[in-house]
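Asks: curious how this folds, go ahead:
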Amino acid sequence: MEVLWAPWRLDYILGPKPDECVFCIPEQPDEDERRLVLWRGRTCFVIMNKFPYNNGHLMVTPYRHVSCLTDLTEEEAQECMAAMRHSVAVLKTAFRPHGINAGFNLGEAAGAGIAAHLHFQIVPRWNGDASFMAVFGETNVIPEHLLSTYRRLKPLFDAAD
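Replies: You can find the predicted model right below:
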């Protein structure tokens with residue numbers, strides 16, 4: 001039997017679940033590393049998914065607590081798209097994925113895990129990353145610790161400012 005180590009999952013399993021929206025972040029960047037915030041713009045920010053589908057799974061999120069794409073202002077929509085484009089460029093530089101899934105789910109019925117606050121998913125993909133573990137074992141294997149990924153990506157986002 002093989003053992004998979006994912007120590008950050010224990011925090012989620014045993015830890016308290018927040019009452020507030022995880023995407024409604026403080027204005028000050030003091031908690032950015034703990035929250036895995038990689039970049040802050042005027043109307044949106046880029047954050048790592050704490051429970052990723054794949055290594056380097058990012059999300060672009062407006063600061064404003066809105067649930068639908070049609071609720072975004074033109075400025076928010078433009079900056080979110082620019083942040084998504086930049087995130088893809090950073091992921092290509094840092095991880096050289098074979099492909100990238102990018103998109104969003106509007107509403108719980110569409111698969112949104114947090115339907116109340118719009119967020120765009122950006123997931124790097126590699127040929128063969130949907131291995132037997134994911135298909136038969138219903139288990140994803142993330143090969144790098146979240147903080148290691150954060151520290152690899154953060155300088156690439158900082159360089160753009």
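
Asks: which SS class is the closest residue to Glu108 other than its chain neighbours?
Replies: Of all residues not flanking Glu108 in the chain, Ala115 sits nearest, at 4.5 Å (Cβ to Cβ, 6 or more residues apart in numbering). In short, each C-beta sits where N, CA and C put it, glycine included. At Ala115, secondary structure determined by DSSP: H, G, I helix; E, B strand; the rest coil is coil.

Asks: which residues touch Ala115?
Replies: Shown in contact with Ala115 (Cβ atoms under 8 Å, 6 or more residues apart in numbering): Ser67, Asn105, Leu106, Gly107, Glu108.

Asks: swap in 7 Å and give it another go.
Replies: Ala115 is in contact with Ser67, Gly107, Glu108, counting by Cβ atoms under 7 Å, 6 or more residues apart in numbering.

Asks: what count of nearby residues applies to Asp19?
Replies: 5 (other Cβ atoms under 10 Å).

Asks: the nearest residue to Cys68 once chain neighbours are set aside and Phe120, how far apart?
Replies: Closest residue to Cys68 apart from its sequence neighbours, by Cβ to Cβ, 6+ apart: Leu106 at 5.8 Å. Leu106 sits 11 Å away from Phe120, going by Cβ to Cβ, to the nearest Å.

Asks: same check on Ala89?
Replies: Here Ala89 is placed at a distance of 15 Å from Phe120 (Cβ to Cβ).

Asks: for Tyr63, same thing?
Replies: Tyr63 sits 14 Å away from Phe120, taking Cβ to Cβ as the criterion.

Asks: if we can go back for a sec, more crowded one of Leu106 and Phe120?
Replies: Phe120 (21 against 14).

Asks: quick check, pLDDT for the more buried one.
Replies: For Phe120, the pLDDT comes out at 96.

Asks: then Asp158?
Replies: Taking Asp158 on its own, its pLDDT is 92.

Asks: who does the residue lying closest to it once chain neighbours are set aside bridge with?
Replies: Of all residues beyond its chain neighbours, the one nearest Asp158 is Trp39 (7.9 Å), with distances taken as Cβ to Cβ, 6+ apart. Listed beta-bridge partners, Trp39: Val46 (assigned using DSSP bridges).
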